[in-house]
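Asker: structure for the following, please:
(4 chains, ligands or ions: 4)
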Amino acid sequence: MTAGLRMPALAAVAFLVLMVVALILLAGADPASLAYGVVERALFTRAGLLEALLRTIPLTLMGLGIAIAFKARVFNIGMDGQLIAGSVLAVLAAPMLPSNVLGIVLFLALGFAGGAIWGGVAGVIKARFGGNEIIATIMLNYVAVQMLSWLVRGPLQEKMRIIPRSDAIDQALRLPVIFDGTRIHAGLIVAVLAVVVTALVLMRGRFGYRLAVVGSNEHAARYAGISPARMAAVVLVLSGALAGLAGAVEVAGLYGRLQEGFAPGFGIAAIAVALVARLNPLLVPVSAFGFSLLYAGLGALARNGVVPFPLINILEGTIILVFLAGSVALSRGSGRMKEAVADG
Amino acid sequence: ETKRVALVLPGPITDGTFNSAANKGIEAAKAKYDIEVAVRENTDFAQIQDVLRSYAEEGYDMVIGHGFQFAEPVMEIHSEYPDTWFVVNTAQVAAEPNVASFDNRWGDAGYMAGAVAALYSKSGKIGHIGAIPVPVIEDYNLGFERGAKRMRPDTEVLSAYVGSFSDIARGAEITTSQIEQGADVVTSTGNENVVGTIQAAQKAGVLAIGTAFDSHAMAPETIVTTALINMDVNIDLAVGKLMDGTLKPETYVLGLDEGGIGLAPLREFEGQISAEDKARIDALVEDIRAGKIDDLP
Amino acid sequence: MAGSETPAPLVALRGVTKRFGEVVANNTVDIEIGRGEVVALVGENGAGKSTIVNMLSGVFPPDEGRIEIDGAAARFTSPGDAVAAGIGVVHQHYMLVPTLSALDNLALQASEIGLGRIDRAALGRRAGEVAERLGFSFERNQRIDSLDVAHQQRIEIIKALMHDVRLLVLDEPTAVLGAEDKARLFETIRELRSRGVSVVLITHKLDDVFAVADRAVILRNGAVAAMLAVEGLAPEIVVRHMVGSGDAPAVAGLAAPQGDDDGPIAVPEEHAAQVVCRVRDVTLHRPNGSVAVAGLSFDLRAGEIVAVAGVDGNGQGEFVRCMAGMERPAAGTIECFGLTSDRRDWTAARLRRHGVSHIPEDRRRSGIVADMSLAKNYLLSHLDRSDFSRFGLLRNRRLSEVVADRLVRYGVRARGSGDRMGNLSGGNQQKVVLARELDGDPHLILAAHPSRGLDLKTIDFVHTVLGEARAAGKAVLLLSSDIDEILALADRIVVFASGRSFGPARREDVDRRTIGGWIAGHADLPA
Amino acid sequence: MDEALFLSGLLAAGIRLAAPIALAAIGETLSERAGVINVGIEGIMLVGAFVAVLFAVQSGNPWIGLACAVLAGVAMGALHAYFVVRLKVEQIVTGIAVLFLGLGLSGYGYRLTLGEAGTAVKVPGFRELDILGLADIPLVGPILFGQHALVYIAVAAALLMAYLFRATRLGVIIKAVGETPVAADAVGIDVDRVRFLCVMVAGGFAGAGGAYLSTAHLWGFVENMTAGRGFLAIACVVFARWNPMLAVLVALVFGIADAAQIRLQSIFPAVPYQFFVIVPYVVAIVSLAVGSRSSRMPAALGIPFARPR
Ligand SMILES: Nc1ncnc2c1ncn2[C@@H]1O[C@H](COP(=O)(O)OP(=O)(O)OP(=O)(O)O)[C@@H](O)[C@H]1O
Ligand SMILES: Nc1ncnc2c1ncn2[C@@H]1O[C@H](COP(=O)(O)OP(=O)(O)OP(=O)(O)O)[C@@H](O)[C@H]1O
Ligand SMILES: [Mg+2]
Ligand SMILES: [Mg+2]
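Answerer: Ligands and ions are numbered 1, 2, ... in the order given. Here you go, the predicted structure:
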């Protein structure tokens, strides 16, 4: 079927490329050197690769959460809020944690729990009252953002009470850097573990199986004694927990304190990451790294400022579309929900 | 020889206030000094470190972070790049050998704005709409209230926040609600949301006081004056000191004397207040300059 | 006389071949359908019948060969083309929109009324006339997903008959129809034939063939095994051609039916006593809220098969779903394995863990996961089987071994346990469901229309398995619209009709007439 | 202050805040009913907002600006449709790309055209109507008769679409295409064509929503001025169970809740403003918990249609 779509797909690619080239020329820049700049930063500079790798950590954790949820056709749009909830709970409790490895583990666990709670709210609303999770999670995002905004100006604000941010957490609770001379921290290990565990549960575990059944045919699931409602709740808790974990990892690994907007747009990015990975846990880190590379490359473009900033957004959108169309032209599907929940 | 300066902005250069002002400043500096300039827009918190590092690694002589949120990342990395100056705007940080900061006295600016607003208000109600209570905006807010009370102790000062720097529509609605509550002179701080406030004032036919650079042209019949936050001065100072090597790792607080803030001319609105009110405004400005005001934020 | 003047047949398949991967669904098939001719298309599950239907209706084109209409090659690129060519189809898997009302489903295809406002009165009248002709009840405003399969089938048939078509293709329309409805449908088919309309009827029931067909086309492994005039044809011949190579039913694993068909196998006493489920004063409602059955009370014992008969839509479906923990009775209680229907723990999960297995009535909606492999479909009710998982992880190899064995045993036509369920033919899907639900020795088997869509051979096999289950002391609740099946299997029989229940009566105390009477709603006969 | 005045001000503001969300939601309802979700409407709204300003300024007539905004929205919708309907790629990912594209195109276009002059350009925007001169009736006047033309257009469109779904065969077709495309296909309906058109129309509505923001509610464009309204629109659609009239109502409740929190802020200056900003969202969550019987999304939403072959 995709074979018949090859020409239309290539046409789309051509159209997009021409459009972008035209827009770049309009800005008086040279498309070739500009493209080179992006690719170079993304692929051929140490800094670029490290930047991407760093971004890959949270996107992987959150992408896994999305994979779990979407596999059950539970649409968790609330990762941003769950991430905040996780980091908040962890930072709140940080002063009470022991200053050692156990403390770090507990810190991350609290992040996990915080995300689980925030996701659980949506879960309860869905399972108990049949409220749609898409609305619940979107709304909970806004609430979490404002709550963070209040906390860093109120109860959690630093001693000096000047800047809207929390005090730094104990140095002992920070995730250690694992490659000297870089910012790559132990969160990378956490992410790898998460990938392994999620892959096992989703692809080999009974729970993962139930999940896929619910996502694939609710009625059949019900007849088999699996309650989609219960599943949806569990799934929202789990995916929320992974987002919360990501939040705790970002705080413990990079910033050491709470501050507004420390993970902007990660929620949406995670959805793209997971879907491009066709909800396959093993592909999620790959997809996450891919998006991070794109992001790092475009960052270089944004810095040298040869083109107006909005062109960066245009490129971002275009590259995603070109990837999608390209994957059709190469007659691979493109992570359709249907295929994603099917199991061959 | 040519030096390279990078300006890192939290928002877009088209916001008509905070970021536009900085951009205009760097443009001016470019014309004035022998420098090569790069501007990075829409830098969210998660990106700051990578952006600063990249510029430093690319050998820039000075990287200007436009906003308090740049202070911490700068402090974290500056020692790794001793050949690059890190400058933070609207914050008070400094560190050997290469961190300096320029902090405009937003509080004083708000104070003057409040004073003018109080004198131009017929209803005795004025309002300030902030984007999000970041330190400078809180200072401005506080100054606005105190300045107003100084001129007319019975003035009622409304204050509300948009909860976003870019939500121009909600900014306009909040302004409208304050106008409905009787405010007849409003001011606003933030980014795009400021445009919303000015438009709401324009539609309702009440007066507004601009912030950042002189925005009189935006609505000549609405904008009485502007509480100038002269970002261009920050940048001119920073670059100038970089060029002649006089830049020190310290915080430069920019008040009226340094030209870091100011009050735009009243223009055609001058006639709308009595001569003595006008005199009081001029006097106030002088007193602030002379440090005679005790309740500045 | 019909159609004989014109040389070219109405529709002809010429050397049509269709492959799905390595599966050859149709192999150089040549069939001619004359004007006003009724052609019966028969063959075992997976023989390729529905594939032909799909090509005739433009769902997909043949890989080789062509379809001719009036002797001219017809190139169907979409079902739209087939519709335009005057071909009406009732698919084996109904093409209805569950969330729309019956009437709106009819409006969907009524292109003649344009895109604008639907004159529901007029459309309802037209539909009503067709329904009347067929003797179907037709509730225009019922949502499809509130109807049982039999009523959905009726809507499909009305849908197909509402338009003047030149060729009407019916894929197993009788699978879910009771005797009454079937007779009326055949009446209609004959009447269509007399008006020169041609009909292709797909069925697994030989009586159907002899009842209406002029010719029987017999498919085997995707190829035409024989084309015979029904006139003076003997059933055995048809069967032989279906099964192939003259020999009696003997496909791998298919045990021959044991015991004689009339009168069930004797039941060991010790089982007969033990009560598995108590049904007390149960009242059941139809989807539209009306009372279907009131005051239903009986005990279901180990080692017996109790059959529920009656025209569909009289509460049978609801009753089975209640027994399965999918619903609760409107009044009264059901008690099984210490669980009671008025308590919270009356859930499918709990009941299944107590050994209740359930062959759902609506196979496609509730019985299978089309996107999953056969193995994963089998797993659906064996998730807790200890040898299927180790350290909480599934052992896929073990699973495939077991499933592969079942596929052979049940004669499922599939490439293997990794095959996608949705790719199986209807009957083969049903076989997989049966294999799944009859395995892992359940204590109570709820079998709703277990032999629906199955070919003769497999039906025998299923009946045998159910018989064995009974002999092994299982309790079986059988729901069927086929009196013969009921009489062949049941120990006791309950009939739901006209808002009440008849029986349960012991098999030996009733005969076809009595049951027929009850189904028709006459109480006058002994109960 | 005077309660009545306060109330009418509240409602008027609520309507102003609701209008752009409602317009986008009406379109998205159509698209999702046909089985296509477009999370990129935020981006399309931005394009609409910019195009409306640009052509209003060029032509001096806001209506021409609106028309161009709708066309631009349709074009963006066509792009989305080409990918998800023609190429059958993942809908949400495509939507995210459309979001970035719209954000970029609007900002870039703005900088190439009006950007230099910045916010100083005079925009000939829409003015509130005064239907039959009834707008001056105290209190109800401004609310019922003194709104922007686009508000009445939105309500009319929602009514029309409700009729479409309830009474017409086209509505039945659209619902079938989003619910059981294979059934629609079987009776000869071109599923992909129906979807393509619905997505394009949805784009047009989003464009109009943007135009309302930049030429009616405000007179001017700033980058990213939609500030998340596109996503609120999607929430409204789901909340309204894919019913266009309800979608408008939900949007209105949102708008009023927002207008209310704005006013509460200055009434209770002591309470941190964040607690007011979340009011609309909390309202939504609570009403989800209490008011909602479970709502099913169109069964084929997000799933490309392809015949077996
Ligand atoms: N979401 C659910 N809804 C309804 N019933 C469920 C659900 N999850 C599990 N069950 C029932 O409870 C039983 C035991 O639950 P449990 O979670 O222990 O499953 P399991 O078979 O142990 O698999 P796992 O090791 O993944 O948990 C399952 O066999 C199933 O019948
Ligand atoms: N979409 C498909 N993909 C792969 N294989 C298919 C597909 N459709 C049908 N088949 C295979 O083609 C063969 C014929 O299927 P078909 O549905 O025509 O059988 P049938 O005669 O209708 O059987 P039944 O009586 O059970 O309906 C079967 O082996 C089936 O597995
Ligand atoms: Mg078939
Ligand atoms: Mg278990």
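
Asker: buried ones in the lengthiest helix in chain A?
Answerer: The longest helix of chain A (DSSP state H) is helix A:101-129. Judged by neighbour count (16 or more other CB atoms under 10 Å in any protein chain shown), helix A:101-129 contains these buried residues: A:103-104, A:106-127, A:129. Where you see a C-beta, it was placed from the backbone N, CA and C, and this is true even at glycine.

Asker: and that helix, how far from the chain's centre?
Answerer: Mean C-alpha position of helix A:101-129 versus that of the full chain (CA atoms, centre = their mean, to the nearest Å) differs by 16 Å.

Asker: other SSEs contacting it?
Answerer: helix A:79-93, helix A:133-151, helix A:228-250, helix D:279-291 (3 or more CB pairs under 8 Å, 6 or more residues apart in numbering or on different chains; DSSP states H and E).

Asker: give me the contact status of that helix with ligand 1.
Answerer: No - using CB under 6 Å from any ligand atom, helix A:101-129 stays clear of ligand 1, coming no nearer than 9.8 Å.

Asker: can you give me the mean pLDDT across that helix?
Answerer: For helix A:101-129, the mean pLDDT works out to 95.

Asker: what's the answer for stretch B:205-219, then?
Answerer: Taken as a whole, stretch B:205-219 has a mean pLDDT of 88.

Asker: might you calculate how far that stretch sits from the centre of the chain?
Answerer: Taking the mean of its C-alpha atoms, stretch B:205-219 sits 13 Å from the chain's own mean (CA atoms, centre = their mean).

Asker: pull out the buried positions in that stretch.
Answerer: Buried residues in stretch B:205-219, defined by neighbour count with 16+ other CB under 10 Å: B:206-216, B:218-219.

Asker: repeat for stretch C:84-98
Answerer: By neighbour count on 16+ other CB under 10 Å, the buried set for stretch C:84-98 is C:85-98.

Asker: of those, closest to ligand 3?
Answerer: C:Q92 (4.4 Å; CB to the ion).

Asker: before we move on, the earlier item: which of the buried residues of stretch C:84-98 are close to ligand 3?
Answerer: C:Q92 (CB under 5 Å from the ion).

Asker: identify the residues contacting the helix or strand of chain D at the bottom of the mean pLDDT ranking?
Answerer: Lowest on mean pLDDT, DSSP states H and E among the helices and strands of chain D sits helix D:140-145, with a mean of 76. With contacts defined as CB atoms under 8 Å, 6 or more residues apart in numbering or on different chains, helix D:140-145 is touched by D:8, D:11-12, D:15, D:128-132, D:134-135, D:137.

Asker: how far is that helix from where the chain is centred?
Answerer: On CA atoms, centre = their mean, the centre of helix D:140-145 falls 22 Å from the chain's centre.

Asker: can you list the helices and strands that whichever helix or strand comes after it packs against?
Answerer: Downstream of helix D:140-145, the next assigned helix or strand under DSSP states H and E is helix D:149-167. Judged by 3+ CB pairs under 8 Å, 6+ apart, helix D:149-167 is in contact with helix D:3-33, helix D:169-179, helix D:191-211, helix D:244-267.

Asker: can you pull the buried residues of helix D:149-167?
Answerer: Of the residues in helix D:149-167, those buried by neighbour count under the rule 16+ other CB under 10 Å are D:149-151, D:153-155, D:157-158, D:161-162, D:164-165.

Asker: any chance of these in JSON lines, plus pLDDT and distance to C:Q429?
Answerer: Output for the buried residues of helix D:149-167, formatted as JSON lines (pLDDT from 0 to 100; distance: CB to CB, whole Å):
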{"residue": "D:A149", "pLDDT": "91", "distance to C:Q429": "57"}
{"residue": "D:L150", "pLDDT": "94", "distance to C:Q429": "53"}
{"residue": "D:V151", "pLDDT": "94", "distance to C:Q429": "53"}
{"residue": "D:I153", "pLDDT": "95", "distance to C:Q429": "51"}
{"residue": "D:A154", "pLDDT": "95", "distance to C:Q429": "48"}
{"residue": "D:V155", "pLDDT": "95", "distance to C:Q429": "49"}
{"residue": "D:A157", "pLDDT": "96", "distance to C:Q429": "45"}
{"residue": "D:A158", "pLDDT": "97", "distance to C:Q429": "43"}
{"residue": "D:M161", "pLDDT": "96", "distance to C:Q429": "39"}
{"residue": "D:A162", "pLDDT": "96", "distance to C:Q429": "40"}
{"residue": "D:L164", "pLDDT": "96", "distance to C:Q429": "37"}
{"residue": "D:F165", "pLDDT": "96", "distance to C:Q429": "34"}
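
Asker: hang on, the earlier thing: the longest helix of chain A vs helix D:279-291, what angle?
Answerer: Interaxial angle, helix A:101-129 versus helix D:279-291 (axes from the mean of the first three to the mean of the last three CA atoms, to 10 degrees): 60 degrees.

Asker: how far does stretch B:256-264 stretch from one end to the other?
Answerer: 12 Å (CA to CA, to the nearest Å).

Asker: does it reach chain D?
Answerer: No - Stretch B:256-264 lies out of reach of chain D by CB under 8 Å from any CB of the partner chain, never closer than 14.9 Å.

Asker: show residues contacting that stretch.
Answerer: So stretch B:256-264 is contacted by B:102-106, B:108-109, B:112, B:116, B:210, B:214, B:216, B:225-230, B:233-234, B:237, B:252-255, B:281, B:285, B:288-289 (CB under 8 Å, 6+ apart).

Asker: how far away is C:K474 from ligand 1?
Answerer: Look at C:K474 and ligand 1: by CB to the nearest ligand atom, to the nearest Å, they are 20 Å apart.

Asker: contact partners for that residue?
Answerer: Counting by CB under 8 Å, 6+ apart, C:K474 makes contact with C:302-303, C:441-445.

Asker: same check, this time on D:E42
Answerer: Counting by CB under 8 Å, 6+ apart, the residues that D:E42 touches are D:99, D:102-103, D:226, D:228-231.

Asker: how about a cut-off of 6 Å?
Answerer: Counting by CB atoms under 6 Å, 6 or more residues apart in numbering or on different chains, D:E42 makes contact with D:99, D:226, D:230.

Asker: which residue is the nearest non-sequential neighbour of C:F210?
Answerer: Nearest-residue entry for C:F210: C:V230, 6.1 Å, with adjacent residues in sequence omitted and distances by CB to CB, 6 or more residues apart in numbering or on different chains.

Asker: check B:T187 too.
Answerer: Leaving aside its chain neighbours, B:T187 sits nearest to B:I209 (4.1 Å; criterion: CB to CB, 6+ apart).

Asker: any idea how far that neighbour is from chain D?
Answerer: For B:I209, the distance to chain D under the criterion CB to the nearest CB, to the nearest Å works out to 16 Å.

Asker: ok, that residue touching B:G114?
Answerer: No - the pair B:I209 / B:G114 is not scored as a contact, 8.8 Å apart, by CB atoms under 6 Å.

Asker: distance of the residue of chain B found nearest ligand 3 relative to B:S54?
Answerer: Using CB to the ion, the single residue of chain B nearest to ligand 3 is B:A46, 56.6 Å away. B:A46 is 14 Å from B:S54, where distance means CB to CB, to the nearest Å.

Asker: just C:Q92 next, same as before
Answerer: Distance of C:Q92 to B:S54, given as CB to CB: 63 Å.

Asker: what do you get for B:K248?
Answerer: B:K248 is 26 Å from B:S54, by CB to CB.

Asker: so which of the two has more stuff around it?
Answerer: Applying other CB atoms under 10 Å in any protein chain shown to B:K248 and B:S54 shows that B:S54 carries more neighbours, namely 24 against 11.
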